[in-house]
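Chemist: pasting the sequence and the predicted model now:
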Amino acid sequence: MSTSDVLLDAPGKKVVLMGNEAIARGLLEGGLKVAASYPGTPSSEILRTLITIGGTYDIYTEWSVNEKVAAEVAISASLAGLRSMVSMKGVGVNVASEPFQAFTYMGARGGIVLVCADDVGCHSSHTEQDNRFFAREAYLPIFEPFDPREAKEMAQLVLKYSEEWAQPVMLRITTRIAHTSADITLGEIPKEKRKGDFNRLPNRWVNLPKNARRMRKELILRMKNIAEAQNTLSFNRIEGNEDAEYGIIASGISYGYVKEALDLLGVSQNVKLLKIGTPYPLPDALVEKVLTGSKKVLVVEELEPFVEMQVRALANKQGILISITGKELIPLDGELSVHMVKKAVSKFMELPTPKEPNEFEKFENTASQIIPPRPPVLCPGCGHRSVFYAIKLAERKYKRGDKESKGFIKPSDIGCYTLGFQSPLEAVDVNFCMGASIGISSGFSKVIHDPVVCTIGDSTFFHAGIPPLLNAVFNRSDITVIILDNRTTAMTGFQPHPGVGITASGEETKMISIEEIVKACGVELVKSVDAYDLEELVSEIDEAVKHKGPAVIITHRLCRMLELRELRGKETISHMSIDYELCKDCRICVDRFGCPAMYIIDEKVAIDPNLCNGCGVCTQKQVCPKGAIIFCEAK
Amino acid sequence: MALKNFDMLLAGVGGQGIIFAGQIIMETALRQGHRVYGFEEHGMARRGGTVASHIRFGEDIYTPLIPLGTGNLLAAFEPVEALRRIRFIGGESTIILNTRSVVPVSVSTQSVSYPEIKDIIGLLEGHSQRIHSFDATSLAEEAGNAIAMNVVMLGAICASKTASLPREVMMEVIKSRSPSYSQKININAFEKGFEEFVKDK
């Protein structure tokens, strides 16, 4: 998994790659020339890896400003006859939706794939959206691998497939594929040097209604032909005992769970198993073969009954009257596991209920009672913490002046700073999608009397924060917007954005000033503050809240984790400790500031020198009125 | 006796170097000719959240997640994290435990308490007969930097011989994957973890 492994021109060699790295490698082997993305867990490592590859193998890569723009960049490459990809997390597909809905009518010229990383189980997303339905709606054939090895094989194939069928496709993975590492066999890297060219085809590339009506007919025909060919793809196959009366159909990762569950139950030979790698278009002939030769059929898939609905429809269409089970036994929410599938298969095959291994559930009940929760929190040294702390200080001050007020309404946005909702900061009240903080605030300001103070990160502001800010000025919304500038897209792994002055491939570019954008949007009160300076922050928030109309405060501090990464091996980092002579044990630091480096031991506050990274914010009187938190020698 | 499959779980807290340790193990297993799977489970936090790495090698593995109650080895980089992930581990397993705790923020802010280390070990003993607990963080500090605790744990994992990962191969992988400024510390840390396990046995 060293970055150099993915670059090796060594066909046949095995290396350990993460699913996302394997996909990047597969795309390279499939002749990729252009790649664009907006960072989002669990997809970010795909473009990160392609950036590493790009320099050596002449692939253009970019972190685009959002998923819609990324999609358009990849689509233009396809129009120019080059093979391209756009990758994003599942919810990003909503942002990229419109270009794909239109482009699918025109059809691909160069092969093009939308790599969609859905987050089954909501590991790091706010919905479990099943984008197979989006792909169906946009007529994108879906490739759904069951593990990273197959993900790499599919990535290697999809660009050629897309080009041959002249249709954009989706490679749909989930967190459990994206972030799983496996031994991956490297293949050939193509030596072809293709150059982009553009041919004016106004009847195809300009989708006027007249063209759209014609192209839709062509699209429907294309998809009919694709559907017939799906049955011969090796990603779709029947395994196990072809004469068995039990049939199981499993798509994507569910195939793996079924394989292991059947093995643990010792019934692999009592089942015929249809592995689905392309849930749309479904390999109808294979499905029909399973339906006609079985007494009953179970469909296993995560989230929505996407395959199940098609299987039921096919059975109905062909007049096959057998029992089909799916979501009656397989949950609609969350990830599956071998354990869950084992239970479902036992029920389906009427086997005795499997014995719980080692009575772990009983044991876990005892253990779970003493396990303290470890909620995700802002890192030590994070500039967001001090801003949230200052918002709370300003809010308390405001409430002292207006006894009727319930305090500020505090919408926030998507990024590390969402964690500002956690105790003890509790400085985030509403949060739901990229850029929503400002739009939501505008709405609140029209219907609620209390001040609205929202927070949004730098990358999120560039992504989707500018139109709602314009809207707030246009519609005279009385809001305070705090833009938390930590000079990176931190949560997803430190990707650059337009404010950083560096492109994905590390070239210098114009550094866009957030202040200038905000002023150009027509905001009259615009302030810049050091995110560590509590006194200044509180005073600026006071003023902004009093101001009529939208006010914007931009707080600046490089993400401390990124800063430490740059300092690592070069400089020693100091840390804080407590002067117990001065400490009066008021606990403001732990009860309100909540830095994870601070903890209570033997009834006293202590600072863990391994966690503290010396930001020094807690030495200010707003956190420690007695000045008992002091800098210590470098560790 | 050769195991059919080997399932190992590394459990700890963000910032403890679980992912690096997992990469070293997978690379070592690959060099031994195994088919490998490894999944990093981490939530939203860059630091301080709970993290686990499922590592599996063998021929009949199709999913990255260790089936409940079947794991062969649990290496807990932090005591309560052992309890949090114990459901993946089988009764015939080995548990390697770093006794140095990382107290979560919830303990200072939500009036919950951090359990006594001896109570944690007591509970684990109810689950597995082979528990090796020691302060890996101290050993890392002795080796030159507390941050090398993950490599101390690698030393102990290697010495446990449960996964049949040869010492020289793992050491070689660690050397090749360590940045120059931490190479010496990592070598020391690995040796300390290895010797601690052997001594304890």
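Modeler: All right, it came through fine. Note that the coordinates shown come from a computational prediction; the quantities given were computed from them, not determined experimentally.
Chemist: ok, A:Gly627 - how many residues close by?
Modeler: 12 (other CB atoms under 10 Å in any protein chain shown). C-beta here means a position set from N, CA and C on the backbone, and glycine is covered the same way.
Chemist: in which helix or strand would I find the nearest residue to it once chain neighbours are set aside?
Modeler: In space, and not counting its chain neighbours, A:Gly627 is closest to A:Leu582: 6.1 Å by CB to CB, 6 or more residues apart in numbering or on different chains. Using DSSP states H and E, A:Leu582 falls within no helix or strand.
Chemist: I'd guessed A:Leu582 sits against A:Lys626; true?
Modeler: Yes: with contact defined as CB atoms under 8 Å, A:Leu582 counts as touching A:Lys626 (4.9 Å).
Chemist: would you list the phi and psi of the closest residue to B:Ser178 other than its chain neighbours?
Modeler: Spatial nearest neighbour of B:Ser178, chain neighbours left out: B:Asn186 (4.6 Å); criterion: CB to CB, 6+ apart. Backbone torsions for B:Asn186, taken as degrees, to the nearest 10, come to phi -60, psi -40.
Chemist: residues in contact with B:Asn186?
Modeler: The contact partners of B:Asn186, by CB atoms under 8 Å, 6 or more residues apart in numbering or on different chains, come to B:Ala143, B:Ala148, B:Val151, B:Ile174, B:Lys175, B:Ser178.
Chemist: what is the most widely separated pair among those?
Modeler: B:Ala143 and B:Lys175 (14.7 Å; CB to CB).
Chemist: more neighbours, these two?
Modeler: B:Ala143 (23 against 12).
Chemist: for A:Val552, see how far away that one is.
Modeler: With distances taken as CB to CB, to the nearest Å, B:Ala143 is found 49 Å from A:Val552.
Chemist: kindly report the same for A:Asn475.
Modeler: 16 Å.
Chemist: how about the strands in the stretch 451-600 of chain A?
Modeler: Counting by DSSP state E, counting those that start in this stretch, one finds strands in the stretch 451-600 of chain A at the ranges A:453-457, A:480-485, A:525-530, A:551-556, A:576-578, A:598-601.
Chemist: what helices and strands are in contact with the second one?
Modeler: Right, strand A:480-485. Secondary-structure packing of strand A:480-485 (3 or more CB pairs under 8 Å, 6 or more residues apart in numbering or on different chains; DSSP states H and E): helix A:383-401, helix A:436-447, strand A:453-457, helix A:458-460, helix A:514-520, helix A:534-546, strand A:551-556.
Chemist: report the angle between the axes of it and strand A:453-457?
Modeler: 20 degrees (axes from the mean of the first three to the mean of the last three CA atoms, to 10 degrees).
Chemist: who wins for proximity to A:Gly26 among the strands of the stretch 451-600 of chain A?
Modeler: When the strands of the stretch 451-600 of chain A are ranked by proximity to A:Gly26 (CB to CB), strand A:453-457 comes first, at 31.9 Å.
Chemist: what packs against that closest one?
Modeler: helix A:383-401, helix A:436-447, strand A:480-485, helix A:534-546.
Chemist: on that earlier part again, would CSV of the strands of the stretch 451-600 of chain A with mean neighbour count and mean pLDDT be doable?
Modeler: Output for these, formatted as CSV (neighbours: other CB atoms under 10 Å in any protein chain shown; pLDDT from 0 to 100):
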stretch, mean neighbour count, mean pLDDT
strand A:453-457, 29, 98
strand A:480-485, 28, 98
strand A:525-530, 18, 98
strand A:551-556, 24, 98
strand A:576-578, 20, 95
strand A:598-601, 19, 86
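Chemist: and the helix or strand of chain B with the lowest mean pLDDT, what's buried?
Modeler: When the helices and strands of chain B are scored by mean pLDDT, DSSP states H and E, helix B:105-109 comes last with a mean of 73. For helix B:105-109, the neighbour count (16 or more other CB atoms under 10 Å in any protein chain shown) marks B:Val105, B:Ser106, B:Val107, B:Ser108, B:Thr109 as buried.
Chemist: hmm, who's touching that helix?
Modeler: Outside helix B:105-109, the residues touching it (CB under 8 Å, 6+ apart) are A:372-375, A:377, A:422-424, A:590-591, A:594, A:596, A:598-600, B:48, B:112-114.
Chemist: just the element for residue 195, please.
Modeler: Picked chain A for this. With DSSP H and E as the test, A:Lys195 turns up in no helix or strand.
Chemist: actually chain B
Modeler: helix B:183-200.
Chemist: over to A:Lys224?
Modeler: With DSSP H and E as the criterion, the answer for A:Lys224 is helix A:209-229.
Chemist: work out for me the element the residue positioned nearest the centre of chain B sits within.
Modeler: In chain B, the residue lying closest to the centroid (CA atoms, centre = their mean) is B:Ala75, at 3.1 Å. With elements taken from DSSP H and E, the one containing B:Ala75 is strand B:71-76.
Chemist: next SSE after that strand?
Modeler: As assigned by DSSP H and E, the chain's next helix or strand after strand B:71-76 is helix B:79-85.
Chemist: CA-only coordinates of that next one, as PDB, when you get a sec.
Modeler: Output in PDB follows, covering the C-alpha atoms of helix B:79-85 (Å, rounded to 0.1, in the frame of the first residue of the first chain):
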ATOM      1  CA  PRO B  79      -7.900  -1.200  27.100                       C
ATOM      2  CA  VAL B  80     -11.600  -0.300  26.700                       C
ATOM      3  CA  GLU B  81     -11.300  -0.700  23.000                       C
ATOM      4  CA  ALA B  82     -10.600  -4.400  23.600                       C
ATOM      5  CA  LEU B  83     -14.100  -4.700  25.200                       C
ATOM      6  CA  ARG B  84     -15.700  -2.600  22.500                       C
ATOM      7  CA  ARG B  85     -14.500  -5.100  19.800                       C
END
